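A.B. asks: sequence and predicted structure below; questions after.
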Amino acid sequence: MEPTTFVLFGATGDLAKRKIYPALYNLFVDGKLPQSFSVIGLGRREWTDESFQANVEQSIRRFSRREADDAGLVKDFLNAFRFCVLDIGRKEDYQKLLKMIEQRENELNVAPNRLFYLSVGPEYFETIAANIQDSGLGSANGWKRLVIEKPFGHDLQSARDLNRNLSKSFAEQEVFRIDHYLGKPMVQKLGALQQANPVIQALWTNRYIANVQITANETVGVEERAGYYDHIGAVRDMFQNHLLQLFMMTAIHLPHDSAPDKVRFKKKKVMESLRTLQKQDVSANVIRGQYKAGSMQGKPVVGYTSEPGIAPDSMNDTFIAAKLEIDDSYWRGVPFYIRTGKRLNEKSTRIVVEFKEPLKPVSSSNEDNIAPNLLVFDIGPNEGITLQLNTKDPERKGEFKPVHIDIDLQDSQDNVPEAYENLIYDALLGDPTFFAHWDEVEMSWEWVQPLLEAFEENLVPLYLYEAGSYGPAESDALLAKDGFHWWFDAKPEQQIPNVEGEQQYAYNSNH
Ligand SMILES: NC(=O)C1=CN([C@@H]2O[C@H](COP(=O)(O)OP(=O)(O)OC[C@H]3O[C@@H](n4cnc5c(N)ncnc54)[C@H](OP(=O)(O)O)[C@@H]3O)[C@@H](O)[C@H]2O)C=CC1
Ligand SMILES: O=C1O[C@H](COP(=O)(O)O)[C@@H](O)[C@H](O)[C@H]1O
């Protein structure tokens, strides 16, 4: 890996503390940082190198996956960190930064490869990019990269404006747009599972698949982020980015050679074939919800509009479910149901692929128990892959019963890199595969824009759902219209027959 100077805007902030420093430390322990590596932290706070290093040390002790108990190792790691007081709007501060970086590069005798990581509010992205360009920070004789956090725009127009402005200073191949769902280990495996398994490849079409369900349910409410969330809602916070990225990663058909350009090209193809919704069609295909008071794990919780900082008459969405259709030869006729929300019954991010049931039309009475084959990718909080098949139950007159084959990934999970580790590592390597290309971002906003307008104009009802439930009943009805239901919601009538204690096949992925 090439020598790199990691220039971190927002080095005193929450994201840096909780995610970036722990990720860097884990990479360091795993020998995945460049031999020659410096971090220059930036912020307005009057930190010194020493106070910066002390803050980083606290962060890695508290949040990193790898133990920070080897004093020598921790010292070596912290030695790479320097701090520069900088106000994003002050041009002269960038000259000071340039001198400091050049001095570090000279000390270490390394090429001026600079990775600028913007862990600051989106209102600063354009100013920072322009100042990097104007100050000469971006015109040294090495590579430069820009890593930016979400949100990338507030709607289609603002995203386009932002992109146009950033592209004055950074070319598309230099911009690494983080979507942390793309860094999740199971999401990174989706493509490989398809590429390396002809069985999956062969089944990945409308000939065999009845529908696909993508869920990202959360138990948390708005937390302390009222000011941010009340203007954003589930549609911008999760759906436009994370959920549509999961959708693309599920629907792509990958060639064996998965060079970054190919993956991105295939994702773009999916978005190009995605049937667009007109504003007036949104309410038939999209369910908008907001949580009301309820209970979470037996404890009462307030409704969204009673949360601190939220207007009592807020119409903001804390839940969204949508039916998407892809108009290409692979997926025509296969609905993709996508949902996400806060204050739901459980934290789970999951993709369920439900297969068609060719046996059903010729079934006799003892086949009533036949459940569809399902392929389930659990993305979080636990990773796993499960295949639901049917077998015969010798104790019940040979009735059919479903069994689960669990691909048990638990043993190997203790040391699985976290999303930010994967993404920072890729950014250091310059591998853009798991970052959002502008085309994907733009097409996601294009699809979402009619939803934003329909929400704004109240063309879509806002359904209230009880905190601790699985969202509004209308989200169930969205699937019921097509003869389907959400899998794995703990509603008794929708549960698959209990297979506990019955024959199960467990394969450890290490075997
Ligand atoms: N926190 C999280 O879990 C997540 C955050 N994000 C995104 O990451 C970004 C950062 O979030 P987060 O760390 O939570 O935010 P914080 O509010 O905790 O930190 C903001 C950072 O920006 C710096 N900053 C603000 N204004 C200026 C300025 N004028 N000049 C220089 N530095 C400035 C602050 O430094 P100082 O005060 O020292 O000037 C601070 O380091 C945001 O875009 C957020 O949306 C994305 C996903 C998750
Ligand atoms: O980006 C965001 O993601 C989190 C959920 O992330 P996860 O990795 O815990 O699934 C969400 O809580 C937050 O509102 C959103 O901004």
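C.D. replies: It's in. Ligands and ions are numbered 1, 2, ... in the order given.

A.B. asks: what's the nearest residue to the closest residue to ligand 2 within the stretch 201-350 of the chain if we skip its chain neighbours?
C.D. replies: Closest approach of the stretch 201-350 of the chain to ligand 2 (C-beta to the nearest ligand atom) occurs at residue 237, with a separation of 4.8 Å. In this view, the C-beta of every residue, glycine as well, is placed from N, C-alpha and C. Using C-beta to C-beta, 6 or more residues apart in numbering and skipping residues adjacent in sequence, the residue nearest residue 237 is residue 229, 6.5 Å away.

A.B. asks: what does residue 83 give?
C.D. replies: residue 52 (3.8 Å).

A.B. asks: ok, now residue 338?
C.D. replies: residue 214 (4.6 Å).

A.B. asks: now do the contacts for the nearest residue to residue 148 once chain neighbours are set aside.
C.D. replies: Of all residues not flanking residue 148 in the chain, residue 118 sits nearest, at 4.8 Å (C-beta to C-beta, 6+ apart). Contact analysis of residue 118 by C-beta atoms under 8 Å, 6 or more residues apart in numbering lists 9-10, 124-125, 128, 146-149.

A.B. asks: quick check: bridge partners of residue 118?
C.D. replies: Residue 118 has these beta-bridge partners by DSSP bridges: residue 9, residue 148.

A.B. asks: so for it, what's the pLDDT?
C.D. replies: Note on residue 118: pLDDT of 98.

A.B. asks: if I look at it, how far off is residue 139?
C.D. replies: 18 Å (C-beta to C-beta, to the nearest Å).

A.B. asks: quick one, helices of the stretch 51-200 of the chain?
C.D. replies: 71-78, 91-108, 125-135, 156-166, 185-196, 198-203 (DSSP state H, counting those that start in this stretch).

A.B. asks: got the contact list for the shortest one?
C.D. replies: Read that as helix 198-203. 193-195, 209, 253, 355, 375.

A.B. asks: got the contact list for the helix or strand following that helix?
C.D. replies: Later in the chain than helix 198-203, the nearest helix or strand by DSSP states H and E is strand 209-217. Contacts with strand 209-217, where a contact means C-beta under 8 Å, 6+ apart, come from 181, 203, 238, 242-243, 246-247, 250-251, 334-341, 344-357, 372, 470-471, 479, 482, 484, 486-487.

A.B. asks: what about the protein, any weak spots by pLDDT?
C.D. replies: Filtered on pLDDT under 70, the chain yields the residue ranges 257-258, 260, 358-369, 408-414, 491-511.

A.B. asks: closest point of it to ligand 1, which residue?
C.D. replies: Closest point on the chain to ligand 1, by C-beta to the nearest ligand atom, is residue 13, at 2.4 Å.

A.B. asks: correct me, but that residue touches residue 41?
C.D. replies: No - with contact defined as C-beta atoms under 8 Å, residue 13 does not reach residue 41; the gap is 10.1 Å.

A.B. asks: now the residue of the chain closest to ligand 1: closest residue in space that isn't a chain neighbour?
C.D. replies: Closest to residue 13 by C-beta to C-beta, 6+ apart is residue 119, at 5.8 Å.

A.B. asks: can you list contacts of the strand or helix carrying residue 478?
C.D. replies: If you go by DSSP H and E, residue 478 is part of helix 473-480. The contact list for helix 473-480 (C-beta under 8 Å, 6+ apart) reads 211, 213, 285, 287, 289, 319, 321, 323, 337, 339, 461, 463, 465, 470, 485-486, 489.

A.B. asks: list the residues that contact residue 159.
C.D. replies: 152-153, 441-442, 445.

A.B. asks: ok, residue 195 to ligand 2 distance?
C.D. replies: 25 Å (C-beta to the nearest ligand atom, to the nearest Å).

A.B. asks: number of nearby residues for that residue?
C.D. replies: By other C-beta atoms under 10 Å, 16 other residues sit near residue 195.

A.B. asks: now it. Nearest residue, chain neighbours left out?
C.D. replies: Spatial nearest neighbour of residue 195, excluding adjacent residues (C-beta to C-beta, 6+ apart): residue 254 at 5.1 Å.
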